[in-house]
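Pasting the sequence and the predicted model now:
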Amino acid sequence: MVRLHCFGQSGNSFKVAFLLRALEAPFEAVHVDFLAGVTTTPDWRDENNEMGEAPILEDGALRLTQSGAILTYLAGKHGRFAGATDSERLEVLRWLLYDNHKFTSYFATYRFNKSWGKAAPDPAVSAFLLSRIESAFTIVDKHLATRDWIVGDSPTIADFSLSGYHFYPREEHGIDIPARWPHLAAWVERLKRLPRWADPYDVMPGTRIPPRW
Ligand SMILES: N[C@@H](CCC(=O)N[C@@H](CS)C(=O)NCC(=O)O)C(=O)O
């Protein structure tokens with residue numbers, strides 16, 4: 001059975017957990033005590049991931065990090081959700097890169113600062129992150145105005161990747177996404193109807209902590 005190093009608050013980890021569940025591939029969840037700071041320690045980095053990040057996938061001798069690489073590996077291994085043609089697979093890669101650079105990154109940082117930052121978020125930092133979220137969400141919302149899925153006619157790992165942070169409670173980020181980006185919100189609801197979708201806090205370990213700020 002594969003092992004997924006993850007924690008409840010981690011949307012990057014949920015991208016992988018969500019895919020594994022859709023693939024009906026059982027996995028053992030290994031808790032990463034991120035909020036206690038374990039990923040910042042040299043020992044953890046030496047033993048687990050030099051990049052200091054979750055998720056990590058273990059599959060036999062293979063140890064893989066970066067959700068985009070893990071999703072690509074699992075889609076290839078199981079022959080599902082990779083994209084139907086070479087051209088679709090290239091599109092999937094485009095969206096994985098966009099997600100990691102622009103769509104997930106600013107939103108995840110904004111949510112983390114708001115919910116679990118050690119100090120109240122700096123208003124200037126929050127304003128900057130919100131402007132980047134606004135830009136990325138508007139691009140994806142427009143893309144989804146005329147299609148059900150990010151690439152092609154059925155879900156791919158691009159959908160699993162981009163949606164990873166969109167299944168958490170609104171109170172953790174405080175943004176009214178359905179009001180501002182209705183196509184994005186409708187796509188999230190479509191994804192929740194995929195077989196074996198489950199709430200991130202029900203499938204990944206760790207203590208649920210109410211938003212701090
Ligand atoms: N691009 C990476 C991002 C992973 C990431 O940022 N994970 C967070 C937890 S959700 C983390 O470990 N952050 C530590 C840090 O930024 O130093 C991926 O998709 O796997």
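Arrived safely, thanks for sending.

tell me which element Arg3 is part of?
Secondary-structure element containing Arg3, defined by DSSP states H and E: strand 2-6.

who does that strand touch, helix- and strand-wise?
Strand 2-6 makes packing contacts with helix 11-22, strand 27-31, strand 56-59 when contacts are defined by 3 or more Cβ pairs under 8 Å, 6 or more residues apart in numbering; DSSP states H and E. Placement of C-beta: from N, CA and C, glycine included.

So which of these has the densest surroundings on average?
Neighbour counts averaged per stretch over the helices and strands packed on strand 2-6 are highest for helix 11-22, at a mean of 25; criterion: mean count of other Cβ atoms under 10 Å.

picking up where we left off before, adding mean pLDDT and distance to Thr65, write the helices and strands packed on strand 2-6 out as JSON lines.
Converted to JSON lines, those look like this (pLDDT from 0 to 100; distance: least, Cβ to Cβ, whole Å):
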{"stretch": "helix 11-22", "mean pLDDT": "99", "distance to Thr65": "10"}
{"stretch": "strand 27-31", "mean pLDDT": "98", "distance to Thr65": "13"}
{"stretch": "strand 56-59", "mean pLDDT": "98", "distance to Thr65": "5"}
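
Out of those, flag the one nearest Leu144.
Shortest distance between Leu144 and the helices and strands packed on strand 2-6, using Cβ to Cβ, is found for helix 11-22: 17.5 Å.

What helices and strands are in contact with the closest one?
Helix 11-22 packs on strand 2-6, strand 27-31, helix 67-78, helix 104-116, helix 157-163, helix 200-203, going by 3+ Cβ pairs under 8 Å, 6+ apart.

Point out the most buried one among these.
Mean neighbour counts were compared across the helices and strands packed on helix 11-22 using mean count of other Cβ under 10 Å; the top stretch is helix 157-163, at a mean of 28.

And the next helix or strand past that helix?
The helix or strand immediately downstream of helix 157-163 is helix 177-180, counting by DSSP H and E.

For the helix or strand just after that following helix, the averaged confidence score.
Along the chain past helix 177-180, the next helix or strand (assigned with DSSP H and E) turns out to be helix 182-192. Per-residue pLDDT values over helix 182-192 give a mean of 98.

and helix 182-192, which residues are buried?
Of the residues in helix 182-192, those scored as buried under the neighbour-count criterion (16 or more other Cβ atoms under 10 Å) are His183, Leu184, Ala185, Trp187, Val188, Leu191.

now stretch 77-93
For stretch 77-93, the buried set under the neighbour-count rule, 16+ other Cβ under 10 Å, comprises Arg80, Phe81, Ala82, Gly83, Glu88, Arg89, Glu91, Val92, Leu93.

likewise stretch 193-211?
By neighbour count, and taking 16+ other Cβ under 10 Å as the criterion, the buried residues in stretch 193-211 are Pro200, Tyr201, Val203, Met204, Gly206.
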